[in-house]
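Q: fold the stuff below for me.
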Amino acid sequence: MAALAVTVEPVGARPAAVVTVHVRGALPADLRVDGEIVGRATRARARVRLPASVGLGRHRLAACRPAGCGRSTPLVVTDGPVLSGCPVLPPGAAYNRDVSGAPLAPDSAALVTAQAAGHPLHLDLGSTQREYGIPFAVVPIGQRRLPLLFGTDGADYSSESDRGPVPVPAGAPVEGAAGVGGGNGSGDRHVLVLQRGRCVLTELYNAVRVRAASGAVRAWRVSSAARWDLTREQRRRPGYTSADAAGLPILPGLLRYEEAARGAIRHALRFTLPRARRAYQPPASHCGTTTDLTAPPYGSRWRLRAGFDETPYRGPALAIVRALKRYGLMFADQGSALFVSGTSDPRWAPVIDELQNRHPIDGGDFEVVAGGAVSTCGSR
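A: Reported below is the predicted structural model:
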């Protein structure tokens, strides 16, 4: 008798949603979530409505017969972001955590004064310019894998990286490049690829295409690489970087137009400041470069103060303001002051105008939330 196995669509589902379960093996079989029977499969494809007992969080779905259950698959019930059927981390993950009621860090005022006050919030994304912003690609579960080589521009973090091959297509968009599949881009040259079905995120830093004599892309060469299972919250090993300086995943913190247009952004946004302390706090894992205590550690969480006036803002801009109050910002890399990362989209044009020209937000309107224990790194 063939062993039972299941896959589910979507992997990231809303509470009480209907999901599609694909079953391989002898039927009929009961469908169980964490041991609870939620449906019965008499055919290879079954639709199941999740009961209220399957609450928010990460679960295991399996097909079972009297002799036992087959291999299970993750199912995440979430009220947070979902992209191409994948949860963008589970609801309890740090990026998806509501910090509107969290206490302030004791040094909040000093941190804000040192690098944020007097600087306007800047949406670091493009409308007509594709080379702005951080792009990402979604690929199928059967995406062909390419070898991964390390060492670009004299930087090699292979000892802190996940290894290849990687499901990153030759034409994947590169940050800083004017078009998809074109040149190698400029700046940090991030490449972000989400594999549908498996919900595995692959992120590359300082990426360039390696071509054969024929011109065909035969591999990717990078300075660092990280792989993330978006159905669970993960942290890099202490002291390890990722494709981002702080050791964090990038995609969960990107501002995407579709979610702003829907009026609900349910996660923190990635941002930069000029200086980072040689320290980090959860969920980060990597240190910055200065011993100055007025510089925050990587992973610090910032939010817009509750009393900030929302009345001038409309539509997507209002959604951003409210997200900044509820979920805030996650400090992920050194760069320009209060630059918020997102994807390029022509529909951003009026939103950029509203937030950066007509009704800018000053960095002095932010405050720093108390976080987890701060880990420090030795001086170099």
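
Q: and the gap between residue 138 and residue 101?
A: Using C-beta to C-beta, to the nearest Å, one obtains 34 Å as the distance from residue 138 to residue 101. Where C-beta positions appear, they are placed from N, C-alpha and C, glycine not excepted.

Q: neighbour count winner among these two?
A: residue 138 (14 against 8; other C-beta atoms under 10 Å).

Q: residue closest to the middle of this structure?
A: residue 252 (1.7 Å; C-alpha atoms, centre = their mean).

Q: surely that residue is in a strand?
A: No - if the criterion is DSSP: H, G, I helix; E, B strand; the rest coil, then residue 252 is helix and not within a strand.

Q: roughly how far does residue 51 sit from residue 327?
A: Counting by C-beta to C-beta - residue 51 and residue 327 are separated by 29 Å.

Q: more neighbours: which of those two?
A: residue 327 (23 against 14).

Q: apart from its chain neighbours, what residue comes closest to that one?
A: Leaving out its chain neighbours, the residue that sits closest to residue 327 by C-beta to C-beta, 6 or more residues apart in numbering is residue 268, at 4.5 Å.

Q: sorry, back to before: phi, psi of the residue nearest to the residue nearest to the centre of the chain when sequence neighbours are not counted?
A: Once flanking residues are discounted, residue 252 sits nearest to residue 95: 4.4 Å by C-beta to C-beta, 6+ apart. Residue 95 adopts backbone torsions of phi -60, psi -30, taken as degrees, to the nearest 10.

Q: list the contacts of residue 95.
A: 88, 89, 249, 252, 253, 267, 268, 283, 327, 330 (C-beta atoms under 8 Å, 6 or more residues apart in numbering).

Q: verify the stated contact: residue 352 with residue 127.
A: Yes - using C-beta atoms under 8 Å, residue 352 is in contact with residue 127, at 6.4 Å.

Q: higher neighbour count, the two?
A: Each of residue 352 and residue 127 has its neighbours counted (other C-beta under 10 Å); residue 127 has more, 19 against 15.

Q: which SS state does the more buried one fall under?
A: Here residue 127 is coil, with the state taken from three-state DSSP.

Q: just residue 352 next, same as before
A: Residue 352 - assigned by three-state DSSP - is helix.

Q: which residue packs closest to it, ignoring adjacent ones?
A: residue 123 (5.4 Å).

Q: what's the pLDDT at the one you found?
A: pLDDT, residue 123: 95.

Q: cool, and residue 16?
A: 97.

Q: residues contacting the residue nearest to residue 165 when sequence neighbours are not counted?
A: Distance criterion C-beta to C-beta, 6+ apart; nearest residue to residue 165, sequence neighbours excluded, is residue 145 at 3.7 Å. By C-beta under 8 Å, 6+ apart, the residues touching residue 145 are 164, 165, 166, 167, 168.

Q: quick check: the second one vs residue 116, distance?
A: Looking back up the chat, that one is residue 165. Using C-beta to C-beta, we find residue 165 at a distance of 41 Å from residue 116.

Q: hmm, back to that, now, among the contacts of residue 95, which is nearest to residue 311?
A: Of all those, residue 327 has the smallest distance to residue 311: 20.7 Å, by C-beta to C-beta.

Q: and the closest one, what does it touch?
A: 95, 96, 97, 98, 99, 100, 265, 266, 267, 268, 269, 303.

Q: what's the PyMOL syntax to select whichever of those residues are buried?
A: The buried residues among the contacts of residue 327 can be selected in PyMOL (16 or more other C-beta atoms under 10 Å) with this line:
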select buried, resi 95+96+97+99+265+266+267+268+269+303
